[in-house]
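K.L.:
With the sequence up front, the predicted model follows.
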Amino acid sequence: MKGVSKHGPNWRVDAIIDGERLRRGGFTSRESAVQWLEARRAGIPEAGRTVSDVLAFYLEHRTCKTQERQRQLAAHLRRHMGERPAQSLRQVDVDDYAAARTAERASKKTAWNELGCLRAACRYAWRNDLLPEPPKWGMSKPASVRRRVAWQEEAAKLVAAADVPLRRVVLAAFTRGLRRSEIIDAQRSWLHGDTLLIPTTKNGMAKEVPLSPALLALLEEEPRHPVWLFAASRRGRNGKRPVQAVRWTKTQLRRAWAELCTRCGVTDLRIHDLRRSMASVGLSLGHSVAAVQSVGGWADQVALLRHYSHAQSAQATALGEDLERAVLPALRVVQGGKAR
């Protein structure tokens with residue numbers, strides 16, 4: 001069986017059936033759970049395992065935080081490809097599906113997410129012997145077209161107008177390139193001197209973020225929470241209770257950010273755009289790509305240059321001027337010789 005020699009004899013049971021499902025399903029041991037899994041596989045003939053069967057098996061046993069989102073993505077896949085044999089899917093089928101979703105006015109990113117769900121379901125079925133081989137078709141991620149950047153003057157206006165809790169968020173996102181999730185989840189135990197050590201980021205890697213004395217001093221101001229580093233403030237009903245330090249929530253942060261942008265007259269600017277602004281402004285000021293990558297925590301410089309090459313226009317202009325200054329003296333000598 002695939003995966004047994006690589007992950008150990010209990011890998012398949014640990015990956016598919018957790019302790020809660022063991023108790024809920026009435027299994028007395030892991031051996032009985034394996035027998036149930038074998039019977040579940042035998043109930044679906046290998047040649048007749050359709051896309052709907054693979055998606056159902058994936059959604060039934062592979063639980064995650066975005067379970068409801070995965071079900072929404074699978075609904076479109078079932079409608080277009082549900083009756084097709086999963087093991088015979090090829091690149092042409094994927095391209096046809098993407099074209100059909102585009103005709104329905106779905107964005108390229110939405111179609112890419114749906115095909116990603118299908119790919120994950122097929123690989124999950126292959127690891128558990130429902131399919132004889134993993135999927136062999138590929139996907140190309142659509143390029144991001146959003147390039148909204150908050151340059152220095154606009155960012156300074158936002159920092160000046162924000163209160164202390166939101167000012168921490170704006171400074172951390174604009175000067176250190178922290179993501180919204182990293183700001184919300186940051187804990188004081190992650191702070192080691194003047195360095196914030198984030199154990200896991202979006203790309204699965206740890207990240208060390210150096211903090212400036214100004215940002216460190218701002219983090220120590222009230223409201224200050226004993227656990228969460230970037231604390232929000234919450235006042236009691238009718239403003240009679242004292243201000244309490246609480247953890248930021250996505251809804252609370254989104255509303256506070258929208259109110260701040262309205263007060264400053266800033267339009268079409270998201271919190272994540274501040275991270276993009278850090279890279280764009282840093283590159284435009286002449287800082288190296290390696291320095292920007294190290295602070296922001298991008299996985300590779302290729303992705304950084306692909307999305308933020310527009311910010312190097314000032315450097316390209318300066319490079320052209322320097323090269324002109326290098327060759328213009330020789331041009332004057334040649335022109336002087338012709339004049340004589």
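P.N.:
In hand now; what should we look at?
K.L.:
residues contacting the residue most central in space within the chain?
P.N.:
Compute the mean C-alpha point of the chain, and by Cα atoms, centre = their mean the closest residue is residue 202, 5.3 Å away. By Cβ atoms under 8 Å, 6 or more residues apart in numbering, the contact set of residue 202 is 179, 181. Quick note: C-beta positions are derived from backbone N, CA and C, even for glycine.
K.L.:
Surely it is in a helix?
P.N.:
No. Under DSSP: H, G, I helix; E, B strand; the rest coil, residue 202 falls outside any helix and is assigned coil.
K.L.:
State the distance from it to residue 186.
P.N.:
Distance of residue 202 to residue 186, given as Cβ to Cβ, to the nearest Å: 14 Å.
K.L.:
just to revisit the earlier point, any idea of the pLDDT on the residue nearest to the centre of the chain?
P.N.:
Residue 202 is assigned a pLDDT of 76 by the prediction.
K.L.:
Next, work out how far apart it and residue 181 are.
P.N.:
From residue 202 to residue 181 the distance is 8 Å (Cβ to Cβ).
K.L.:
intersection of neighbour lists for the two?
P.N.:
Overlap of the contact sets of residue 202 and residue 181 (by Cβ under 8 Å, 6+ apart) is empty.
K.L.:
one step back: how about the residue nearest to the centre of the chain, phi and psi?
P.N.:
Backbone torsions for residue 202, taken as degrees, to the nearest 10, come to phi -60, psi -40.
K.L.:
how close does it get to residue 134?
P.N.:
According to Cβ to Cβ, residue 202 and residue 134 sit 25 Å apart.
K.L.:
now swap in residue 298 and tell me
P.N.:
When residue 298 is compared with residue 134 (using Cβ to Cβ), they lie 28 Å apart.
K.L.:
and these two? which has more neighbours close in?
P.N.:
residue 298 (22 against 13; other Cβ atoms under 10 Å).
K.L.:
Tell me the spacing between the residue lying closest to that one once chain neighbours are set aside and residue 169.
P.N.:
The spatially closest residue to residue 298, leaving aside those adjacent along the chain, is residue 304, at 4.8 Å (Cβ to Cβ, 6 or more residues apart in numbering). Note on residue 304: its distance to residue 169, by Cβ to Cβ, is 23 Å.
K.L.:
more crowded one of those two?
P.N.:
More crowded of residue 304 and residue 169, by other Cβ under 10 Å: residue 169, with 23 against 18.
K.L.:
That one: what's it in contact with?
P.N.:
So residue 169 contacts 162, 183, 230, 248, 253, 257, 271 (Cβ under 8 Å, 6+ apart).
K.L.:
one more time with 6 Å, if that's ok
P.N.:
Neighbouring residues of residue 169 by Cβ atoms under 6 Å, 6 or more residues apart in numbering: 183, 230.
K.L.:
could I have the strand or helix carrying it exported to CSV, CA atoms only?
P.N.:
Following DSSP states H and E, the helix or strand that holds residue 169 is helix 164-176. Output of helix 164-176 as CSV, limited to C-alpha atoms (Å, rounded to 0.1, in the frame of the first residue of the first chain):
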residue,chain,number,x,y,z
VAL,A,164,-2.0,53.8,19.1
PRO,A,165,-3.4,50.2,18.4
LEU,A,166,-3.9,50.9,14.7
ARG,A,167,-0.6,52.9,14.4
ARG,A,168,1.3,49.7,15.5
VAL,A,169,-0.4,47.8,12.7
VAL,A,170,0.3,50.4,10.1
LEU,A,171,4.0,50.7,11.1
ALA,A,172,4.5,47.0,11.3
ALA,A,173,2.9,46.4,7.8
PHE,A,174,4.5,49.3,6.1
THR,A,175,8.0,49.2,7.5
ARG,A,176,8.4,45.5,8.2
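K.L.:
chain center to stretch 224-234, what's the gap?
P.N.:
In terms of Cα atoms, centre = their mean, to the nearest Å, the gap separating the centre of stretch 224-234 from the centre of its chain is 24 Å.
K.L.:
Show the average pLDDT along stretch 278-297.
P.N.:
Averaged over stretch 278-297, pLDDT sits at 83.
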